[in-house]
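> sequence-free structure coming up:
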Ligand SMILES: Nc1ncnc2c1ncn2[C@@H]1O[C@H](COP(=O)(O)OP(=O)(O)OP(=O)(O)O)[C@@H](O)[C@H]1O
């Protein structure tokens, strides 16, 4: 079963007298443990696809399924809870709170989920270990490098044990070596946590670390036919 499944998804924005199709009949299926690269020119709809897959924006038509659940009929409250449990999002900028330590950045994101604080702290420490920041869990953002801040960002996205991990340009602010390390980390996380991972990127040199590459153009997505990794359009 795909962890992320988009079927004939369209997203329209008003554009003067007419409408602009940011997404135009998009089909995408990503199975657990698959890492999908998403490329395409500026304005082609990549961020729109991530926003719809993250259930932050409802499509104009089509179906978005997360871990077998069709999200179409869900209320906003149900979507919020599904997102918290099943979807991790990593934005380009880590958006860490300056006054909090690395471990607190992870815990605060789960503050309202009703889980016991001790369990959240334990999971946060484990995840920081996974991303290689075990020794830095009490450091604040200004004491961390750009690459380390992005690692905190990735660890934070894993707090809810997501089935789907959506990553927007994670290497945009990093040098070549740090960029490579971040994409390698996303590959490892995808394998270890069996997330269905979609990463928007301009860095085509890291695409060999993914299982499949989908290309966006004018709101339309082209994906390779079925690959061994189980991604198909
Ligand atoms: N909130 C919005 N209202 C109206 N139009 C929008 C909105 N968000 C995006 N668009 C339009 O939808 C199209 C797709 O935009 P989107 O940001 O998804 O592309 P992108 O491929 O992510 O671009 P970039 O690589 O520059 O981030 C563009 O024409 C954009 O102007």
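Thanks, I have the structure now. Because the structure is a prediction, the values reported are computed rather than measured. Residues are numbered from 1 along each chain as shown.

> need the contact list for the residue nearest in space to the middle of the chain.
Nearest to the mean C-alpha position of the chain, counting by Cα atoms, centre = their mean, stands residue 166 at 1.2 Å. By Cβ atoms under 8 Å, 6 or more residues apart in numbering, the contact set of residue 166 is 50, 53, 54, 87, 88, 89, 90, 197, 198. Any C-beta I mention is one placed from the backbone N, CA and C, and that applies to glycine too.

> that one should be in a helix, yeah?
No - under DSSP: H, G, I helix; E, B strand; the rest coil, residue 166 sits outside any helix and is assigned strand.

> beta partners of it?
With DSSP bridges as the criterion, residue 166 is bridged to residue 89, residue 198.

> quick check, pLDDT for it.
pLDDT, the model's per-residue confidence, is 98 for residue 166.

> do the one 10 residues further on as well
The score at residue 176 is 92. That number is its pLDDT.

> ok, the one 4 residues further on next?
Turning to residue 180, the model gives it a pLDDT of 94.

> can you report phi and psi for the spatially closest residue to it that is not a sequence neighbour?
Nearest in space to residue 180, with sequence neighbours left out and distances taken as Cβ to Cβ, 6 or more residues apart in numbering, is residue 206 at 6.5 Å. Reported as degrees, to the nearest 10, the phi and psi values for residue 206 are phi -90, psi 0.

> residue 206: neighbour count?
21 (other Cβ atoms under 10 Å).

> residues of the chain that sit close to the ligand?
Within the chain, the positions lying close to the ligand (Cβ under 6 Å from any ligand atom) are 13, 20, 22, 40, 42, 43, 44, 45, 46, 47, 48, 216.

> and the nearest residue to residue 145 once chain neighbours are set aside, how many neighbours?
What sits nearest to residue 145 in space, not counting adjacent residues and going by Cβ to Cβ, 6+ apart, is residue 178, at 7.5 Å. Residue 178 has 17 neighbours, counted by other Cβ under 10 Å.

> wasn't residue 178 part of a helix?
Yes - Residue 178: assigned to a helix according to three-state DSSP.

> show me where this structure dips below the pLDDT cut-off.
111-115, 225-233 (pLDDT under 70).

> just the strands in it please.
For the chain, applying DSSP state E gives strands covering 4-15, 18-30, 35-39, 61-66, 69-70, 87-90, 164-168, 196-200, 212-217, 220-222.

> for the protein, which segments are assigned as helices?
Secondary structure of the chain (DSSP state H): helices at 46-53, 76-86, 102-108, 117-130, 146-157, 176-193.

> can you list these in CSV and add distance to residue 59?
Formatted as CSV, the helices of the chain follow (distance: least, Cβ to Cβ, whole Å):
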stretch, distance to residue 59
helix 46-53, 5
helix 76-86, 12
helix 102-108, 30
helix 117-130, 31
helix 146-157, 22
helix 176-193, 25
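
> and the gap between the residue nearest to the centre of the chain and residue 204?
Residue 166 is 19 Å from residue 204, where distance means Cβ to Cβ, to the nearest Å.

> got it, and residue 47?
Here residue 47 is placed at a distance of 18 Å from residue 204 (Cβ to Cβ).

> what about the two, which has more around it?
residue 47 (19 against 10).

> quick one: contacts for the more buried one?
Residues near residue 47 by Cβ under 8 Å, 6+ apart: 168, 200.

> repeat for residue 5
Residues in contact with residue 5 (Cβ under 8 Å, 6+ apart) are 28, 29, 30, 63, 64, 65.
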